[in-house]
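Colleague: Make a model of this:
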Amino acid sequence: MKYILPLVLLLSACSSEPTQQFITTQKQVVVLPDEKMYKCPIVAHFPDSKSLTDIQVARLLIQLHKNNLECKNSLTAIKAFLDKAKMTAEASTDSD
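Modeller: Residues are numbered from 1 along each chain as shown. Sure, this is the predicted structure:
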């Protein structure tokens, strides 16, 4: 009796039809933004803080504010570019 059970299990495994396995692949392309989109200007050298006049401080603050706005706009454009690339990739994946 102890030999019948393993024999039954082996025979039942052999009698079943093999299942088909499908492998699907997707090609993903990484789209990088153009280097021109990275616009984050910096102030390379700050003037000596001990000898700054009020006008120089004001000009420096205005320059930093302009640089900040330009960098923010640049990063917003990069995000929009990458979101569009993602939507395009997802649309092409869905249509396949």
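
Colleague: Per-residue pLDDT of the residue most central in space within the chain, please?
Modeller: Closest to where the C-alpha atoms of the chain average out (Cα atoms, centre = their mean) is Leu82, at 7.4 Å. If you check Leu82, the pLDDT there is 91.

Colleague: after the helix or strand bottoming out on mean pLDDT in the chain comes which helix or strand?
Modeller: Lowest on mean pLDDT, DSSP states H and E among the helices and strands of the chain sits helix 4-15, with a mean of 54. Following helix 4-15 in sequence order, the next helix or strand is helix 54-95 (DSSP states H and E).

Colleague: I'd like the distance from that following helix to the chain centre, please.
Modeller: 15 Å (Cα atoms, centre = their mean, to the nearest Å).

Colleague: Likewise for stretch 21-33?
Modeller: Using Cα atoms, centre = their mean, the offset of stretch 21-33 from its chain centre is 14 Å.

Colleague: Quote the end-to-end distance of it.
Modeller: Taking Cα to Cα, to the nearest Å as the measure, stretch 21-33 stretches 38 Å from start to finish.

Colleague: ok, residues contacting it?
Modeller: Outside of stretch 21-33, the residues within contact range by Cβ atoms under 8 Å, 6 or more residues apart in numbering are Ile78, Phe81, Leu82, Ala85, Ala89, Thr93, Asp96. Placement of C-beta: from N, CA and C, glycine included.

Colleague: Okay then, goodbye and thanks.
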